[in-house]
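Novice: Coordinates for the following, if possible.
(one chain, ligands or ions: 2)
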Amino acid sequence: MKTAIIGAGNMGGSIARGLAKGTIIPANDIIVSNPTQSKLDVLKAEFPALQTTRDNQEAVTGAELIILAVKPWLMKSVVSELKLKSKQILISVAAGIPFEELAHYVADKEMTMFRLIPNTAISEMESMTLISSRNASKEQEQLLLDIFNQMGLAMLIPEEKIAAATAMTSCGIAYVLKYIQAAMQAGIEMGIYPKDGMRMIAQSVKGAAELILNNDTHPSVEIDKVCTPGGITIKGINELEHRGFSSAIINAIKASK
Ligand SMILES: NC(=O)C1=CN([C@@H]2O[C@H](COP(=O)(O)OP(=O)(O)OC[C@H]3O[C@@H](n4cnc5c(N)ncnc54)[C@H](O)[C@@H]3O)[C@@H](O)[C@H]2O)C=CC1
Ligand SMILES: O=C(O)[C@@H]1CCC=N1
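Specialist: Ligands and ions are numbered 1, 2, ... in the order given. Next comes the predicted model:
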């Protein structure tokens, strides 16, 4: 299934890497387009079977799936310049651009479109990927779920929920990284070398996530298991609450919506 990726930046490049590592679309069916050659050269060096071009139209001609991974403010000019066929499937990664707006940029307003919001862990095949569809069949929705479930966890959600879910997951990965950074700072003050601390905290975060994902449990249940009555963890938990930790996270996610 020929797949074009327009834009080889953080997202487009990561999606290209994830797709090339996956089994659903062979690497030689993927063509990536970007105005600067250097990003394409890096991709090509990693995955020699990938095709690359600096010409967006060359990339989309004959492609069944077209993944648009340019900045939101470039979407209008990039999409409007493409000569698209009705049967092609357009997949926009741009945060904050609704289907209604995307439809203005294409000739066939009824063409099948998806909005796709991964996070940067897609390069590690560990993305949380949100998918919304417009004029798509059940088979097309399943195809997208199958492709992106290979790169982590993919979920189909209605478009009206995508902004909130983007703030929680795609922006949210940055908040989790911020926690890792802060915990490292605490460790450094207490004499733990940053590199050691980084691995310690990253594994702890991964472990917390695995507890939730593997056991379908709830954070409260898992926190309760850690907090020995009269022990040391509850002192930290109470300090977090005194300092407004939950409130800060809630406000950060709402601010990103
Ligand atoms: N960075 C992230 O974590 C996420 C980004 N997104 C969305 O992904 C899109 C891309 O964001 P990033 O990858 O972060 O930006 P980026 O700046 O890293 O990548 C954009 C790429 O598009 C290329 N480009 C510029 N003009 C072009 C043109 N006319 N034709 C083809 N390519 C062109 C640039 O050279 C660059 O390589 C945005 O719309 C953003 O909202 C969505 C979810 C997460
Ligand atoms: O910050 C942004 O606008 C992009 C979209 C979601 C994550 N990064």
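
Novice: Quick one: low-confidence residue ranges for the stretch 1-150 of the chain.
Specialist: In the predicted model of the stretch 1-150 of the chain, no residue satisfies pLDDT under 70.

Novice: Skipping its backbone neighbours, what lies nearest the residue of the stretch 1-150 of the chain found nearest ligand 2 in space?
Specialist: Distance from ligand 2 to each residue of the stretch 1-150 of the chain (Cβ to the nearest ligand atom) is smallest for residue 95, at 3.6 Å. No exception for glycine: its C-beta is placed from N, CA and C like everyone else's. Spatial nearest neighbour of residue 95, excluding adjacent residues (Cβ to Cβ, 6 or more residues apart in numbering): residue 166 at 5.6 Å.

Novice: Check whether the host helix or strand of residue 75 comes near ligand 1.
Specialist: According to DSSP states H and E, residue 75 maps onto helix 75-81. Yes: against ligand 1, helix 75-81 shows contacts by Cβ under 6 Å from any ligand atom at residue 78.

Novice: what lines up beside the following helix or strand past that helix in the sheet?
Specialist: Going down the chain from helix 75-81, the next helix or strand is strand 89-92, by DSSP H and E. Note on strand 89-92: by DSSP bridges, its sheet partners are strand 65-68 (parallel), strand 113-117 (parallel).

Novice: how about the helix holding residue 75: buried residues?
Specialist: 75, 78-79 (16 or more other Cβ atoms under 10 Å).

Novice: about what we covered before: reformat the strands paired with strand 89-92 into JSON lines and put distance to residue 190 and mean neighbour count next to each item.
Specialist: Listed next are the strands paired with strand 89-92 as JSON lines, based on distance: least, Cβ to Cβ, whole Å; neighbours: other Cβ atoms under 10 Å:
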{"stretch": "strand 65-68", "distance to residue 190": "45", "mean neighbour count": "25"}
{"stretch": "strand 113-117", "distance to residue 190": "37", "mean neighbour count": "24"}
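
Novice: export those strands to CSV and tack on distance to ligand 2?
Specialist: Converted to CSV, the strands paired with strand 89-92 look like this (distance: least, Cβ to the nearest ligand atom, whole Å):
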stretch, distance to ligand 2
strand 65-68, 14
strand 113-117, 7
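
Novice: Redo the ones you listed as a markdown table? Include distance to residue 127.
Specialist: Listed next are the strands paired with strand 89-92 as a markdown table, based on distance: least, Cβ to Cβ, whole Å:
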| stretch | distance to residue 127 |
| --- | --- |
| strand 65-68 | 14 |
| strand 113-117 | 9 |
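
Novice: hmm, back to that, let's verify the residue nearest to residue 95: helix, strand, or coil?
Specialist: Recorded secondary structure, residue 166: helix (DSSP: H, G, I helix; E, B strand; the rest coil).

Novice: which non-adjacent residue is nearest residue 146?
Specialist: Nearest residue to residue 146 in three dimensions, chain neighbours excluded: residue 24, at 6.1 Å (Cβ to Cβ, 6+ apart).

Novice: what sits against residue 141?
Specialist: 131, 133, 156 (Cβ atoms under 8 Å, 6 or more residues apart in numbering).
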